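Colleague: Would you be able to build a 3D model of this:
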Amino acid sequence: MSCYLQKLVFLLVYMERHTANPALSIGEVGQTVHPYQNVQFVSVGMNISVEQGEDAIFACHTKNLDGLQIVWRKGYAVLAAGRSMISQDTRLSLATSNNKNSLRLQKVTPEDRGNYTCEVTTKHKILQLHHTLTVLVHPTISAVSRLVRVTEYEEAILKCEFSGLPNPTVNWYSESGQKLSADKTCSVNSTSCLRILQVTRQSAGPFTCEATNGVGKPANDKILLSVSYKPVIDLELFDDRTIQNLTLSCKVEGDPQPMVSWYKDGRDLADIGYPTSIYRTRNIPQTNTFLLTVVRSEAAVFGNYTCEASNPVGTTRSHVEVHGRPTTPTLVGTQPGVGGSSRILIWKTMSLFPLLEYTILYKQMNGAQWITVTVPDHNNFNNNPMSIYEVSSLVSNLIEDQEYETIIQARNAYGWSDPSRIFSFKTNQESAWGQPLYSSSSCSSLLHSSSCCIILVYFISFIYL
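Modeller: Numbering: from 1, shown residues only. The predicted structure is shown next:
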């Protein structure tokens, strides 16, 4: 405040004081007895905290004021003197009554914070009463970017900017509500950040930053973390025996959404232009599943099939082999042979093409040498889409009352089946029957079983037809 304005304020106070008490006129100054030596403040200085937008009241109650005037200041700026407002701020107003004086500030803002002084000037000294105003501001917070996209196994940094008085505390939460710790190395000034090292696709989803400072309600904002990753393929094969159809199901996941292509023996089916009477493709968008249906009308459909999925992150392939070899034989049971030195083995297998022969390998339990027997197939092949063969064969020259192990394989024109698992049987035993290989009422529930549907899938997947 300029020296001129200070003098003007002093003159106004002086004149108002002597106008209120004619005994203290200018002409009588030399004769004045000063009754102001006992002036006191009844109010005490306060630390006042007010939320933004509310009103603040500063009290300045005195005793023995005896016509002296009160001056209100904020710092060096004079706000009011006596009953007169000096400040042009219309939010300020005075309330005076006898020795009670109050300054009201309406709708405070953060810029209003600071020291407010009530001041009384006597002939010998200046008395001051100080109030400190703190403006409380509701927290605010906003995401620097509401969408953060990273590639799988990279680092992700999520940032939120916040404000408020007092300075808010910021917490981070995952989609499940788990509280996460902010990274102090990248949280500076009014920015809080969450650092996630080596994100995985499971990390994707919304994250919440929340600011609290005890004023009003907490504030929050959300950031969506998007994780790009190369395609993941789940390749399965389904066999509809009633219409001789074979369906390859390729379920694909990836971000961004992958493009899918089908190959046979390394050649793109779309480029080769196979007839739709043999190959049909369709998609199920809701499950990201891509289907290739093969009609087994001829052996030419046998080969290696590939489902290929590509996106900007990478390419993934999964393979299956479609062929005409028999299923793995399953031992159904055994019966006594002639005497105690032989045993009848009964097994089942399935084949799209006529079976030619079987191989039986057997040895005494805990023995070292396997004995091989070749058994020709004498069954009549029928024209069903999938023929089920039940075969029995007599194994002779066994030792009575001993336990044996056996392995069985089947062959058709397209090759040998996989060896069966090792079955055990005992001579001099009554008939022993295991679970049947197939029944018309239950095979439909076993479509993933190689023993029922002559399908075996594994990655580089081999499928037996």
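
Colleague: Give me the nearest residue to residue 313, chain neighbours excluded.
Modeller: Distance criterion C-beta to C-beta, 6 or more residues apart in numbering; nearest residue to residue 313, sequence neighbours excluded, is residue 230 at 4.3 Å. Bear in mind the C-beta positions are built from the backbone N, C-alpha and C, glycine included.

Colleague: Is that neighbour in a helix, a strand, or coil?
Modeller: Under DSSP: H, G, I helix; E, B strand; the rest coil, residue 230 falls in the strand class.

Colleague: was I right about it contacting residue 314?
Modeller: Yes: with contact defined as C-beta atoms under 8 Å, residue 230 counts as touching residue 314 (3.2 Å).

Colleague: Which of the two has more residues huddled nearby?
Modeller: Comparing residue 230 with residue 314 by other C-beta atoms under 10 Å, the one with more neighbours is residue 230, at 18 against 15.

Colleague: Check the more buried one and give its pLDDT.
Modeller: We have a pLDDT of 96 for residue 230.

Colleague: same question, residue 346
Modeller: pLDDT, residue 346: 93.

Colleague: Can you give me the distance of it to residue 334?
Modeller: 7 Å (C-beta to C-beta, to the nearest Å).

Colleague: Which residue ranges make up the domains of the protein?
Modeller: Following automatic domain parsing, one finds the domains of the chain at 3-137, 138-228, 230-323, 330-464.

Colleague: which residue packs closest to residue 257, ignoring adjacent ones?
Modeller: residue 311 (6.9 Å).

Colleague: ok, the one you found touching residue 252?
Modeller: No: under the criterion of C-beta under 8 Å, residue 311 makes no contact with residue 252, lying 9.5 Å away.

Colleague: next one: phi and psi at residue 271?
Modeller: phi -80, psi -30 (degrees, to the nearest 10).

Colleague: And the pLDDT at it?
Modeller: On the pLDDT scale, residue 271 gets 81.

Colleague: on that earlier part again, can you pull the residues that touch both of residue 311 and residue 252?
Modeller: Between them, residue 311 and residue 252 share these contacting residues under C-beta atoms under 8 Å, 6 or more residues apart in numbering: 231, 258.

Colleague: And these two? Which one has more around it.
Modeller: Here residue 311 and residue 252 are compared on neighbour count by other C-beta under 10 Å; more neighbours surround residue 252, at 25 against 18.

Colleague: Contacts only, for that one.
Modeller: 231, 232, 233, 234, 258, 260, 288, 289, 290, 307, 309 are the contacts of residue 252 under C-beta under 8 Å, 6+ apart.

Colleague: rerun at 6 Å
Modeller: 231, 233, 258, 260, 288, 309 (C-beta atoms under 6 Å, 6 or more residues apart in numbering).

Colleague: List the buried residues for the helix or strand containing residue 118?
Modeller: Following DSSP states H and E, one finds residue 118 within strand 114-121. Buried residues in strand 114-121, counting neighbours by 16 or more other C-beta atoms under 10 Å, are found at 116, 117, 118, 119, 120, 121.

Colleague: strands paired with it, and their directions?
Modeller: strand 70-74 (antiparallel), strand 126-143 (antiparallel) (DSSP bridges).

Colleague: Dump these into TSV; add mean pLDDT, mean neighbour count and distance to residue 322 as well.
Modeller: Shown next, in TSV, are the strands paired with strand 114-121 (pLDDT from 0 to 100; neighbours: other C-beta atoms under 10 Å; distance: least, C-beta to C-beta, whole Å):
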stretch	mean pLDDT	mean neighbour count	distance to residue 322
strand 70-74	94	22	88
strand 126-143	95	18	51
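
Colleague: Same list (those) but as a markdown table, adding distance to residue 49.
Modeller: Below are these laid out as a markdown table (distance: least, C-beta to C-beta, whole Å):
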| stretch | distance to residue 49 |
| --- | --- |
| strand 70-74 | 17 |
| strand 126-143 | 5 |
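
Colleague: which stretch among those comes nearest residue 372?
Modeller: Smallest distance to residue 372 across the strands paired with strand 114-121 (C-beta to C-beta): 72.6 Å, for strand 126-143.
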